[in-house]
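Trainee: model this:
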Amino acid sequence: MTELTLCIESPELKSRLRAAALLMQATVYELSLDELLRKRSLPAHWLLVDQDLEQLGNLIEHFKAHGRKPETQIIRFIEKPWQEYVYHDIPIFASIVYPVNPLAAVQVLEKLMRAKPFEFGKKQLPESNVGPYSDEFVRSEPMRHAVSQLQRLKKLPVDTVLLGPTGAGKDTAARWLHAQSGVKGEFVHVNCAALPEQLFEAEVFGVMAGAFTGAQKDRPGKLELANNGTLYLDEMDSLPLSCQAKLLNALQYRGAIRLGGHTFYNSSFRVIASTKAKLETLVEQNKFREDLHFRLSISQVRIPALAERLEDIIPLYRHFLNDVAAQFKLEVPTLDTEDIDELLSRPWPGNVRELHAFAQRHVIGLGSPCAEPGCEPVKGLKQRLLAFEKAVLIETLNAHRGCARSASESLGIPLHSLYYRMKRFDILEKTGNYLNNKDTQFS
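Mentor: A predicted model of the protein is given here:
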């Protein structure tokens, strides 16, 4: 049976949660914040609260003083999405928008019953909870979904395609999958974008001595080196069609013949391919072989852009600051409110890679986030929200290649409302020049 403790001030919210708990046959305990702060024995189940940030801070400190981790069991209800949560690094499990009725509250409680609070105490964390995908850095829903897919695939020797923009972390995901797979072989990286078409066979399949001028000895190819390991095809979408045809047969039969040789060799490996564009789209454009697409796409994992991971930006940035400071033996710079606002307002076209470079400049002393050229400190809640709104609009318009109708549907707002906001932020003309084909713009 599920147990819950309600520390709720809103009478309406409390009533809805009570009704939902009754329908779910859950045991409910009700405490005021003062009663909870006086308790020496804290509840070992979900704690639902709706206090403001100051009161929530006192509760978090009370949990930490008793050796508890508030991020494992405190859930805060907020009136509107992103009302305050985005602008604060709050160590709690989640923030949930007020359920509009008891039925919506039932849906919330159903999810809580399926996701039990983490166990307490000094129990060692599982291996999957450390490294680049620890809970500290994975708080946003898009990234949580990607990591859950990676977790399911890590022990399965199936070919996988990683889809995402430049700098989003596809290489990190590929190396993590290899490290978690438990295979004994090597991780062999093939940069398809930098591989000349003329050298493709020699590099990938291997070469025999005398196969061409300068080939003085036998040399194994990437396929052989990846035996019992992982073959990582980076930027697979850049591979010419002629090379794709040669690669297809090698992946199908897991082996090849060295250039200048006559004997077919076998190699057992897992293929991980990364791409910036969807392979389905490239197939439609006749830039990628359909049969190779079907061969590779047993599973696909989309690594989200950093602009979709707002909750992850500050924890990642702090981690990078600590790493770079330790590397160069320098002091870790502090982040003030203006720095945080600027980090959350930027569109981050370079994604995590750009964020890391940003942290390096900050530590070295070449400028904090707000000292960047063209950056003006944002002050006050209204200005912060406006800066955030502008960043979302630009990111969405770019994602839809300047098509206002598609962007408005994606944002869930009327087209005239989008036009108003674009004019307000002076991005109407700039975004209108995004494409040269005017038929696809602002339709």
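Trainee: Can you give me the buried ones in stretch 179-195?
Mentor: Neighbour counts using 16 or more other C-beta atoms under 10 Å place 180-181, 183, 185, 187-190, 192, 195 of stretch 179-195 among the buried residues. In this view, the C-beta of every residue, glycine as well, is placed from N, C-alpha and C.
Trainee: Of the residues you listed, which is the nearest to Leu310?
Mentor: Of all the buried residues of stretch 179-195, the one sitting nearest Leu310 is Gln180; the distance, using C-beta to C-beta, is 26.8 Å.
Trainee: ok, now how distant is the closest one from Thr275?
Mentor: Separation of Gln180 from Thr275 (C-beta to C-beta, to the nearest Å): 21 Å.
Trainee: what packs against the helix or strand containing Ser95?
Mentor: Using DSSP states H and E, the element containing Ser95 is strand 94-97. For strand 94-97, the elements it packs on are strand 74-78, judged by 3 or more C-beta pairs under 8 Å, 6 or more residues apart in numbering; DSSP states H and E.
Trainee: Using CSV, write out the CA atom coordinates for the helix or strand harbouring Leu355.
Mentor: Assignment of secondary structure by DSSP H and E places Leu355 within helix 351-364. The C-alpha coordinates for helix 351-364 follow below in CSV (Å, rounded to 0.1, in the frame of the first residue of the first chain):
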residue,chain,number,x,y,z
ASN,A,351,25.2,22.3,-27.1
VAL,A,352,27.2,20.6,-24.3
ARG,A,353,30.5,21.1,-26.1
GLU,A,354,29.8,24.9,-26.2
LEU,A,355,28.9,24.9,-22.5
HIS,A,356,32.2,23.2,-21.6
ALA,A,357,34.1,25.8,-23.6
PHE,A,358,32.2,28.5,-21.8
ALA,A,359,33.2,27.0,-18.5
GLN,A,360,36.8,26.9,-19.6
ARG,A,361,36.9,30.6,-20.4
HIS,A,362,35.2,31.4,-17.1
VAL,A,363,37.7,29.5,-15.0
ILE,A,364,40.7,30.8,-16.9
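Trainee: Pairing partners for the strand holding Ser95, with directions?
Mentor: strand 74-78 (parallel) (DSSP bridges).
Trainee: Determine how far the partner strand lies from the middle of the whole chain.
Mentor: Here strand 74-78 is found 23 Å from its chain centre; the criterion is C-alpha atoms, centre = their mean, to the nearest Å.
Trainee: do stretch 339-346 as well
Mentor: Centroid separation between stretch 339-346 and its chain, computed with C-alpha atoms, centre = their mean, is 18 Å.
Trainee: low pLDDT regions in the stretch 1-150 of the chain?
Mentor: For the stretch 1-150 of the chain, the stretches with pLDDT under 70 are 1-2, 40, 66-67, 80-90, 112-130.
Trainee: Please repeat the previous calculation with a cut-off of 90.
Mentor: Along the stretch 1-150 of the chain, the parts satisfying pLDDT under 90 run over 1-140.
Trainee: Which residue ranges of it form helices?
Mentor: With helices called from DSSP state H, counting those that start in this stretch, the stretch 1-150 of the chain shows them at 11-24, 33-38, 53-65, 102-114, 141-153.
Trainee: export those helices to CSV and tack on mean neighbour count?
Mentor: Below are the helices of the stretch 1-150 of the chain laid out as CSV (neighbours: other C-beta atoms under 10 Å):
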stretch, mean neighbour count
helix 11-24, 17
helix 33-38, 13
helix 53-65, 15
helix 102-114, 15
helix 141-153, 17
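Trainee: Of these, which is nearest Glu308?
Mentor: Here helix 141-153 is closest among the helices of the stretch 1-150 of the chain (C-beta to C-beta), at 4.7 Å.
Trainee: The closest residue to Lys39 other than its chain neighbours: what's it in contact with?
Mentor: Excluding the flanking residues, the one nearest Lys39 by C-beta to C-beta, 6 or more residues apart in numbering is Leu31, at 7.5 Å. By C-beta atoms under 8 Å, 6 or more residues apart in numbering, the contact set of Leu31 is 5-7, 39.
Trainee: now do 10 Å
Mentor: Counting by C-beta atoms under 10 Å, 6 or more residues apart in numbering, Leu31 touches 5-8, 37-39, 43, 47.
Trainee: same check, this time on Pro315
Mentor: By C-beta under 10 Å, 6+ apart, the contact list for Pro315 reads 89, 91, 134-139.
Trainee: Quick one: mean pLDDT over the helix or strand where it lies.
Mentor: Assigning secondary structure by DSSP H and E places Pro315 in helix 310-328. For helix 310-328, the mean per-residue pLDDT is 89.
Trainee: can you pull the buried residues of it?
Mentor: For helix 310-328, a neighbour-count test (16+ other C-beta under 10 Å) marks 310-321, 324-325 as buried.
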